[in-house]
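model the structure of this input:
(2 chains)
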Amino acid sequence: MKLTGAQILCEGLVKEGVDIIFGFPGGAVIPLYDTLPQYPQLRHILVRHEQGAAHAADGYARATGKVGVCFATSGPGATNLVTGIANAFLDSVPVIAVTGQVRRDFIGRDAFQETDITGITLPVTKHNYLVMDVNDLAVVIKQAFHLARTGRPGPILIDIPRDVFLEQADFSYPDRVDLPGYRPTLQGHPAQIKKAAKMINEARHPVIIAGRGVNISKAYGELKHLAEMAQIPVVTTLLGIGCFPEEHALSYGMVGMHGMVYANYAIENADVLIAIGMRFDDRVTGKISAFAPHAHIVHIDIDPAEIGKNVRVDVPIVGDVKMVLQALNKQIAPVDHLDWIGQVDDWRREHPSIDIRDDDGLLPQYVVRQIYEITKGQAIIVTGVGQHQMWAAQHYWFNKPNTLISSGGLGAMGFGLPAAFGAQIGCPDAPVWCIDGDGGFQMTIQELGSIAQEQAPVKIAIINNGYLGMVRQWQQLFYKGRYVATPISCPDFVKVAEGYCISALRVKHKEEVIPAIEQAMAYQGPFLIDFMVEPEENVYPMIPPGATVAESIEEPKQPIKAISDSKRLKVSNI
Amino acid sequence: MAPTKHILLALVEDKPGVLNRMSNVFRRRGFNIHSVNVLETIETEDGSRPGLTRVAIVVSGSAVILGQVRKQLEKIIDVVKVLDITTEDVA
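The predicted model follows:
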């Protein structure tokens, strides 16, 4: 049977189990959109900007574990996806981006709405395709989904010229892929696993540092088994949060620049560090030469190019985290590390990094903690990037995998709202909270329109301090308080929300926090709360960039005096 | 570690843009490519997989970084295999 290119694409999406597409139409993809009504099993969700489509597909993928799909037109539609694609690339999220391209005979001639999107996205995709022959399309779709969801997952872009959507070809969907250059190693090398087991069995001060790879590989049970059997403290990266229950006795929270002081001490004093599904990002390691100075390092990762990239590794094991841990656990002997755990617990008592000080003001940390209390730790939390992101990571305790959705590697402000929208579309019955800053929220604020159109019941908490707060914090601590370009005015977010027919509240005082969150939770549809928090609150603890654990800055006993009069900029008084 | 000259030999799929994907890895890490030699499509020993191409690249850099670059090249989906075939007498 002959089908058009657009039909072949839709058939492929259906065969791959896709039911949701985030997108925005345009000239080059009109033939594709015209075909969508023939496939009612594909639900297209209109966004307000293509960046929103890519972030929504990303949030959807992380929340559901499925592949996220987004559509955009050629030229500006495609370039608007790029931030979202780069975000999915750095955080290893399976996303398929389908872009329209100008007609084949126009390619390379600077035609209207032509960009070389495969060239542009080459360094930020796992792989990409420009489909010049409709007969290749089915194979490309099959390969794209296979690549996106296997090995180290990542975004794949498929660029399809307008006339290829219209051209016909015989359709048969391949049942297997032929990719000679793509054979991810799944089983760890037995000799390496044996070496690692010996090292772990002989360790006196072992620490596990778990990353997003544990979540991707669904190795929660194996990780827990290893930690409990060998009594090993577990710390996580930002994206590893939730892969090990944070209320577990062996959980010592997040490490790194804004990690717990005791977690960082544990790494500094470890004799064996078992790094699982993580990549030693500079926000995790700080000064590389001073990172885990006494430790032999076992590094388990599916991507061979991550081994030895940032830190020296003693026992590298390339493989799927779940399979490697299954093999490793068989060789681990139960041991007693009570002295070592007692030591880390002492550090936790001496440096209680997540205590919230008693203050009459409206503290952002308090807001996050109340969201945690009222949602009973069961919500999916989606954040933007900046101070509020770190407070969410520190003060909400995640006991279930994939419940913190955050832009880790790219650190893309504006991720919060569209990603929360995508997560809510994927998990319609789950409570989804978008915790965002007033700066980042304004970057993708237009997605309130998508949320309103779909009536997605996302709850939005804006941590509004009137600053681009993380940069302001750096300016305060390292640039002598010169607040250049960080005071930011905001529209009246309550009125903006109401303009989109979204219910909203403003909270200015501590005692209003709990009732407001309860009201949002009880409300059926989307709900926005604008929390007017203390303007110059800082994220502690903090290891300054390029510094060591010993140089950690902890919350001062007396809060640093605000150095500006912190009068909020208002649109009306500019 | 002093940079030394290396010859990398890659077996790649014969598809448009493969050379671009490979050179991009060197560009990003700031390597100057001394020479690239792309050889005609060959068949593998058993003749079962036509359509593969050999690319020989001469670059200089430290062995450690180049080892990393080699792994990053192998990550490219169209790249099947990369060998460092440097011998002592390449200088």
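
in the chain, what helix or strand scores lowest on average pLDDT?
Unless you meant another one, I'm taking chain A. helix A:282-285 (a mean of 93; mean pLDDT, DSSP states H and E).

let's do chain B instead
Lowest mean confidence among the helices and strands of chain B (mean pLDDT, DSSP H and E): strand B:33-42, at a mean of 84.

what angle sits between whichever helix or strand comes after that strand and strand B:33-42?
Going down the chain from strand B:33-42, the next helix or strand is strand B:52-61, by DSSP states H and E. Put simply, strand B:52-61 runs at 170 degrees to strand B:33-42, going by axes from the mean of the first three to the mean of the last three Cα atoms, to 10 degrees.

so which bits of the helix or strand following strand B:52-61 are buried?
Going down the chain from strand B:52-61, the next helix or strand is helix B:63-75, by DSSP H and E. Residues B:66, B:68-75 are the ones in helix B:63-75 that count as buried (16 or more other Cβ atoms under 10 Å in any protein chain shown). Any C-beta I mention is one placed from the backbone N, CA and C, and that applies to glycine too.

I'd like the next helix or strand past helix B:63-75.
strand B:79-84.

that next one pairs with which strands, and in what direction?
strand B:4-13 (antiparallel) (DSSP bridges).

mean confidence for the partner strand?
Averaging pLDDT along strand B:4-13 gives 92.

in chain A, which helix is the longest?
If you go by DSSP state H, chain A has its longest helix at helix A:50-64.

output that helix as CSV, nothing but the C-alphas.
C-alpha atoms of helix A:50-64 as CSV (Å, rounded to 0.1, in the frame of the first residue of the first chain):
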residue,chain,number,x,y,z
GLU,A,50,8.6,25.8,20.0
GLN,A,51,11.0,25.9,22.9
GLY,A,52,7.9,25.1,25.0
ALA,A,53,7.3,22.0,22.8
ALA,A,54,10.8,20.7,23.3
HIS,A,55,10.8,21.3,27.0
ALA,A,56,7.3,19.8,27.3
ALA,A,57,8.4,16.7,25.4
ASP,A,58,11.4,16.5,27.8
GLY,A,59,9.2,16.8,30.9
TYR,A,60,6.8,14.3,29.5
ALA,A,61,9.6,11.8,28.8
ARG,A,62,11.1,12.2,32.3
ALA,A,63,7.8,11.8,34.1
THR,A,64,6.5,8.9,32.1
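
and the very next helix or strand once past it, what does it pack against?
Once the chain leaves helix A:50-64, the next helix or strand it forms, by DSSP H and E, is strand A:68-72. Contacts defined by 3 or more Cβ pairs under 8 Å, 6 or more residues apart in numbering or on different chains; DSSP states H and E place strand A:68-72 against strand A:20-23, helix A:50-64, strand A:95-101.

what's the angle from the last one to strand A:68-72?
Compare the direction of strand A:95-101 with that of strand A:68-72 by the same axes, to 10 degrees and you get 20 degrees.

where along the stretch 301-450 of chain A do the helices fall?
Ranges of helices within the stretch 301-450 of chain A are A:321-329, A:338-350, A:364-374, A:387-395, A:416-426, A:438-443, A:448-454, based on DSSP state H, counting those that start in this stretch.

between the ones you listed, which gets nearest to chain B?
helix A:321-329 (18.0 Å; Cβ to the nearest Cβ).

and the closest one, how far from the chain's centre?
Centre-to-centre, helix A:321-329 and its host chain are 25 Å apart (Cα atoms, centre = their mean, to the nearest Å).

which residues are in contact with it?
A:186-188, A:190, A:193, A:196-197, A:200, A:213-214, A:216-219, A:222-223, A:225-226, A:229, A:276-277, A:300-302, A:317 (Cβ atoms under 8 Å, 6 or more residues apart in numbering or on different chains).

swap the cut-off to 6 Å and go again
Contacts to helix A:321-329, defined as Cβ atoms under 6 Å, 6 or more residues apart in numbering or on different chains, come from residues A:186-188, A:193, A:197, A:213-214, A:217, A:219, A:222, A:225-226, A:276-277, A:300, A:317.

the least confident helix or strand of chain A packs against which elements?
Contacting helix A:282-285 under the criterion 3 or more Cβ pairs under 6 Å, 6 or more residues apart in numbering or on different chains; DSSP states H and E is no other helix or strand.

give the buried residues for it.
In terms of neighbour count (16+ other Cβ under 10 Å), helix A:282-285 has its buried residues at A:283-285.

and of the buried residues of helix B:63-75, the nearest to chain A?
B:K71 (4.1 Å).

quick check: pLDDT value at B:L66.
89.

shaky segments in chain A?
For chain A, the stretches with pLDDT under 70 are A:557-567, A:570-574.

how about 50 then?
Along chain A, the model assigns pLDDT under 50 to residues A:573-574.
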